[in-house]
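In: starting from these lines, generate the structure:
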Amino acid sequence: MSDGSQEIEVRRVTKGERVAEWAVGRLGVHNPLRAKSRRAFPDHWSFMLGEICLYSFIIIVVTGVYLTFYFHPSMKEVRYQGSYAPLQGQLVSEAFNSTMRISFDVRGGLLIRQAHHWAALVFVAAMLVHMMRVFFTGAFRKPRELNWVFGFLLLVLGMFGGLTGYDLPDDLLSGTGLAVVNGTILSVPIVGTYLSMFLFGGEFPGNDLVARFNTIHVLLIPALIVGLLVVHLLLVLRHRHTQYPGPGRSNKNVVGLPPKVRAVKSAGFFFVVAGVILVMASVAQINPVWVYGPYRADQVSAGSQPDWYMGIADGLLRVMPGWEIDFWGHTLALDNLIPLAEGVLLFLTMGAYPFIESWVTDDDRDQHLLDRPRNQPVRTALGVAWIGFYLVALIGAANDIIAIRFHVSVESVTWAVRIGLFAVPVTAYAVTKRYALGLQRQDRDKVLHGRETGVIKRLPHGEFVEVHEPLSQEQLHVLTQHEQYKPIGPGPASNGAGADTGSRLAQLLRARLSRSFYGEGTQITKPTAQKYKEITSEHRH
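Out: Residues are numbered from 1 along each chain as shown. Just a heads-up that it's a prediction; the model follows:
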């Protein structure tokens, strides 16, 4: 204004701004979201494994919604009149009939159905590999124990989601698998018969199985998975990301990409995952139900095997001897009960491991830096032994196919698997532990003597030596930043600030486990700063 008075600018507040201000005043979401938007995200290829899980699950949901429009979850018998000539006129269930219609008569139906199946396989595989990455790097330590449990539950739900979906078409292959499931359930003492009657709605195979599995597969399991995924991701944001050791990285910071850049990369990665799954669905046939035909209780599909993630259960069942015992007038089918107990114990051990290691180390501090697997030889060896047992059992699930392809007897393959279930984990544990200790020793030599340059030098007295180049400070930090625990004695704990066990027996057990994890022969002592100075000074002179 020309008269010198104070000029006041009036700006109109839009309706959207008023709504935002109302929400901020009552929900208080502005500051937390603003703080989260400033966080950095570590950029490492192994972190993509968790994203593959999420993106493949999205593809499962999208394709599953499409399939529900055409699938009829009923075991009522109808006469097949579809496009597949070899089955025309045969009595099939409505579930099988609608699956055939999706595969041959619905435009794009076979592509979507196969993409759904392949995405389920990728989902479970990515979760297992992601959990192995978390295990070997120690990303499950405090404060992420619960996140590990949620990831473990997601893996179990994914496996059962795949099992229930695998059985929906009511074809001969899925029916054969259900007969195995029913036999395993019946082997459970006391309640096995009641569980079978409840699941199948009567005597196997019953008339309500497909409808019940459809409800579990379409509603219950996806709802639980979504809930666990939300909690899992919220805990990731709450605890911030772990990161690999390196210069400038500590338990108090995160070095990585800004959220906007990370979001763009993640969006591109989603389309890559979706494209790969659709290509797999286009060129690789999976679960051709028209080849197997409809399920009949008096027939068994030859060469039948479940999807790979249930192969461990099938493999243990196949190689277990046909043992039975009579107990108080009841027959215990150990040939089913023991494999069931072994499989459950194998996965429960995985789920409980963070709490076992936390108890053994008695370390109550927050850990945000990842371990290099070589620096935890016992943990790494246990993980490889677990994988070895899993793979041997998976081989057992294909004993008949292996026997046919390699022209050997099924009994020979079965006995090889039986021996391997005991020998392979022990061998894998010993070899992995020795290999990790060797890598630790190599790191120690690098720190003390430097990197080999390949240059040979002759000393004045005639000796030939290789010239070593000192490591940079960044390399020295990576090789020496890890903490080496000391074994806990039978008395009060010495690591961290954990509570006393309160039991002499528990203290002795923890001391024994601690010695097996961190005692003599389980780690190579890393060089101290004083030792490094002494060695480098000798080299200079």
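In: now do stretch 252-265: distance to the chain's middle.
Out: How far stretch 252-265 lies from its chain's middle: 24 Å, per C-alpha atoms, centre = their mean, to the nearest Å.
In: could you list the residues in contact with that stretch?
Out: Stretch 252-265 has contacts (C-beta atoms under 8 Å, 6 or more residues apart in numbering) with 36-43, 240-241, 243, 246, 248-249, 368. Glycine gets a C-beta too; all of them are placed from N, C-alpha and C.
In: which of those tops the neighbour count?
Out: Ranked by neighbour count (other C-beta atoms under 10 Å), the contacts of stretch 252-265 have Gln243 at the top, with 23 neighbours.
In: and that one, bridged to which residues?
Out: Taking DSSP bridges as the rule, Gln243 bridges to Leu369.
In: got the contact list for it?
Out: For Gln243, the contacting residues are Pro42, His44, Arg249, Val254, Val255, Gly256, His368, Leu369, Leu370, by C-beta under 8 Å, 6+ apart.
In: what is the nearest of the contacts of stretch 252-265 to Thr184?
Out: Using C-beta to C-beta, His241 comes nearest to Thr184 of the contacts of stretch 252-265, at 40.0 Å.
In: three-state assignment of that closest one?
Out: What DSSP: H, G, I helix; E, B strand; the rest coil gives for His241 is coil.
In: need the contact list for it.
Out: His241 neighbours (C-beta under 8 Å, 6+ apart): Phe41, Pro42, Phe47, Val254, Gly256.
In: how about the residues you listed, which pair is most distant?
Out: Spatially, the most separated pair among the contacts of His241 is Phe47 and Val254, at 12.0 Å (C-beta to C-beta).
In: between the two, who's got more neighbours?
Out: Phe47 (18 against 15).
In: so the more buried one: helix, strand or coil?
Out: Per three-state DSSP, Phe47 ends up helix.
In: distance check, it against Gly420.
Out: Phe47 sits 34 Å away from Gly420, taking C-beta to C-beta, to the nearest Å as the criterion.
In: Phe270 too?
Out: Phe270 sits 39 Å away from Gly420, going by C-beta to C-beta.
In: what's the answer for Val431, then?
Out: Note on Val431: its distance to Gly420, by C-beta to C-beta, is 15 Å.
In: quick one: buried residues of stretch 296-308?
Out: Neighbour-count burial for stretch 296-308 flags Ser301, Ser304, Gln305, Pro306, Asp307 (criterion: 16 or more other C-beta atoms under 10 Å).
In: re earlier: can I get the contacts of Gln243 in TSV including pLDDT and distance to Pro527?
Out: Listed next are these as TSV, based on pLDDT from 0 to 100; distance: C-beta to C-beta, whole Å:
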residue	pLDDT	distance to Pro527
Pro42	83	28
His44	84	27
Arg249	82	21
Val254	84	29
Val255	83	26
Gly256	81	30
His368	88	25
Leu369	89	20
Leu370	91	22
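In: where does this protein dip in pLDDT?
Out: Residues of the chain meeting the criterion pLDDT under 70: 1-17, 20-38, 302-303, 491-502, 536-541.
In: again, only using 50
Out: Applying pLDDT under 50 to the chain picks out residues 1-2, 4-10, 493-494, 496-501.
In: show me the strands in it, by range?
Out: Using DSSP state E, the strands found in the chain span residues 77-79, 91-93, 324-327, 330-333, 451-458, 464-469.
In: okay, those strands, which one's buried deepest?
Out: Counting by mean count of other C-beta atoms under 10 Å, strand 91-93 has the highest mean neighbour count of the strands of the chain, with a mean of 19.
In: show me what that one is packed up against.
Out: In terms of contacts (3 or more C-beta pairs under 8 Å, 6 or more residues apart in numbering; DSSP states H and E), strand 91-93 is packed against strand 77-79.
In: go again using 6 Å as the cut-off
Out: Contact here means 3 or more C-beta pairs under 6 Å, 6 or more residues apart in numbering; DSSP states H and E; on that basis strand 91-93 packs against no helix or strand.
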